[in-house]
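K.L.:
predicted coordinates and the sequence they were generated for:
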Amino acid sequence: ERMEEDNNSSHQHGENQSESSLVAIKKLNKLLRTQFYQPWSKIYSSTLPNSLRYFILPNSHPVERVEVYLRVSVGSLNEEEHQQGIAHFIEHCVFLGTEQHPNPEVIRTMFASWGLSFGGDANATTDFRETVYILSCPTQFLRAVLEFMHEMMFYALFNEEACEKERAVVLSELHLCNSVSYREEYAEYQQIHWNTMLSQRFPIGKEEQIQKFTTLDLFEFYRKWYKPENMSLFIIGDVDVSTVESFITEIYSQPVTNNITNNITIINDTNTNNNNNNNKTPPHNMEILETELDFNVKPLENITIFQHHLVAQFKINLSYTFPLVGTHIFSQQDNKLHQITQRTTIQDTRNNLHTFKMELIQMILDFAFKTRIDNLEQTLYSPPFRSISWDLFESPADKATISNIRIKGPAHRWEEAVTIGIREIGKMAKYGLTPGELERGIMGLLKQFEDEAQQMDTMDSDDHVDQLMMCDFLSTNYVSSVERWQHAKHILRGGGNKDGIITQGITLKEVNQVSRQIFDHLFEYTGIDIDTVNTDAMEQDDEEYNDNDIDDEEN
């Protein structure tokens, strides 16, 4: 506001005012972009000359054990139309043999000598954007495990006989997925992500295509994407950092000298040179995305109805997808102050004060809504619903936030269930929370963050892995729970922090403004006039709460 006043009077102040505004702009932009989370000092991370990233986190829970995760930034979204399911198929095949360990029997014997078992200590998963390989072993075998992981990533054989046997395993997984519940989930996912490639590239793939993949098809895809610059290595366990780093440097820095194996001949190979960066899929680069969203399409044009005689209950899912808010950056041109919104990047949406505050407000709203539904379920003699839930899922990779409202209940009472669900959502949109609900939400969050801070040093290694991998994917810092707790206290209760930033704490007014923004989307989606929704009997459980004491804007 002060800068706007300065801007309006810029003709009176000339160059001096212009210079002072530029100083203010720089300070404001720095504050808006500041990453107030500092990385946890226990984590060591670096990047090899070949661009492979690695992270080491010493953790003695459990003792003398270590988790090795290697993520390749390639998944079903990297598949062409005729390749659906190939990323998942390759995930299976790299366990079938390498140049040093040429068949599954040799690998099983080696795993047994390390105390590892397939499916338990050795596993892998394929998702839309990544394939993750997992080996859990005693610390004494870490070097051997890292060497074998390196072989899988760069020297897999793709033996025709072994791959043919594995094809049956992959197809059996696909058939296991062909259940009513899976098809229902598949239909829901397609409905939510109907305007992105996510709805067209499920990792499990298509049976008719899986049946046709040749070993040459598999190898070409493997050599195209399995490159150091597309990989992140995570070592979490009872280890010494310097020792682990020496292992990684020695094993993973060496050039791949022979990645054409098993007499496979690549014809017209013009695009798979290791020096070609066209197949690099850096997870940090938000500009390279194949899931561009069209937020201008009318939502009611996208309705999916799933029916099956084995579906025993009624379910309704209302999903609303809206873009992440870009970071506001100010600039000065022609002696006038301009506010521009930069294209949203992962870095814009994470690690800053405003984002964490919004996250806390959403957690408070979630807690209050769940409490209301629980109380309602206990109060009603025969509730017409089995569950009414709301969740807000932020997906920086898709540059979107997805708000979901789900109502489940007996099919013959679906109208009653929906009526109650709409009414409860209407209360959140129209009235927001009470002071008591806000206070209970704040106290609950502070207790949650305090408990997490006290437990951080005793967390198992595999509990750390998922969070660390997500932070790497989002280009954010994995911070200690102690620091997160301190930031939560600062934002929730107010006061100054170590950086000198002073806040007044989260207020009822701003919580209810967010509540109105979030839950109003339901009524925009359906075209229902919120004023026609019966939101009577809004139980105020706080004696001090009086509608007359709160102005219309806050209420």
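P.N.:
Here it is on my side, so go on.
K.L.:
state whether residue 393 is indeed within a strand.
P.N.:
Yes - counting by DSSP: H, G, I helix; E, B strand; the rest coil, residue 393 is part of a strand.
K.L.:
that one: how many residues sit nearby?
P.N.:
13 (other CB atoms under 10 Å). (Each C-beta comes from the backbone N, C-alpha and C, glycine too.)
K.L.:
check contacts around it.
P.N.:
Taking CB atoms under 8 Å, 6 or more residues apart in numbering as the criterion, residue 393 is in contact with 401-404.
K.L.:
show me where the stretch 451-555 of the chain has strands.
P.N.:
495-496, 502-503 (DSSP state E, counting those that start in this stretch).
K.L.:
weakest of these by average pLDDT?
P.N.:
Lowest mean pLDDT of those: strand 502-503, a mean of 56.
K.L.:
would you map the strands across the stretch 151-300 of the chain?
P.N.:
Using DSSP E, counting those that start in this stretch, strands in the stretch 151-300 of the chain cover 231-237.
K.L.:
remind me which residues of it are low pLDDT?
P.N.:
Applying pLDDT under 70 to the stretch 151-300 of the chain flags residues 257-300.
K.L.:
again, but for the stretch 401-550 of the chain
P.N.:
For the stretch 401-550 of the chain (pLDDT under 70), the answer is 495-503, 525-527, 535-550.
K.L.:
where exactly do the helices run in it?
P.N.:
Secondary structure of the stretch 401-550 of the chain (DSSP state H, counting those that start in this stretch): helices at 414-430, 435-455, 461-473, 481-493, 508-526.
K.L.:
closest one to residue 230 among these?
P.N.:
helix 461-473 (12.4 Å; CB to CB).
K.L.:
okay, the angle between the closest one and strand 231-237?
P.N.:
Angle of helix 461-473 versus strand 231-237, following axes from the mean of the first three to the mean of the last three CA atoms, to 10 degrees, is 150 degrees.
K.L.:
in helix 461-473, what's buried?
P.N.:
461-462, 464-465, 468-469, 471-473 (16 or more other CB atoms under 10 Å).
K.L.:
make JSON lines from those residues and add distance to residue 96 to it.
P.N.:
Formatted as JSON lines, those follow (distance: CB to CB, whole Å):
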{"residue": "461", "distance to residue 96": "28"}
{"residue": "462", "distance to residue 96": "25"}
{"residue": "464", "distance to residue 96": "30"}
{"residue": "465", "distance to residue 96": "25"}
{"residue": "468", "distance to residue 96": "29"}
{"residue": "469", "distance to residue 96": "25"}
{"residue": "471", "distance to residue 96": "32"}
{"residue": "472", "distance to residue 96": "28"}
{"residue": "473", "distance to residue 96": "28"}
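K.L.:
residue 518 contacts residue 369, correct?
P.N.:
No - in this structure residue 518 lies outside contact range of residue 369 using CB atoms under 8 Å: 10.2 Å.
K.L.:
which residues are in contact with each of the two?
P.N.:
residue 428.
K.L.:
roughly how far does residue 423 sit from residue 447?
P.N.:
Using CB to CB, to the nearest Å, residue 423 is found at 30 Å from residue 447.
K.L.:
same check on residue 514?
P.N.:
Taking CB to CB, one finds residue 514 at 22 Å from residue 447.
K.L.:
ok, residue 84 next?
P.N.:
46 Å.
K.L.:
neighbour count for the two, which is higher?
P.N.:
Remark: of residue 84 and residue 447, residue 84 carries more neighbours, 21 against 10, as counted by other CB under 10 Å.
K.L.:
which residues touch the more buried one?
P.N.:
Per CB under 8 Å, 6+ apart, neighbours of residue 84: 76, 201-202, 205-206, 209.
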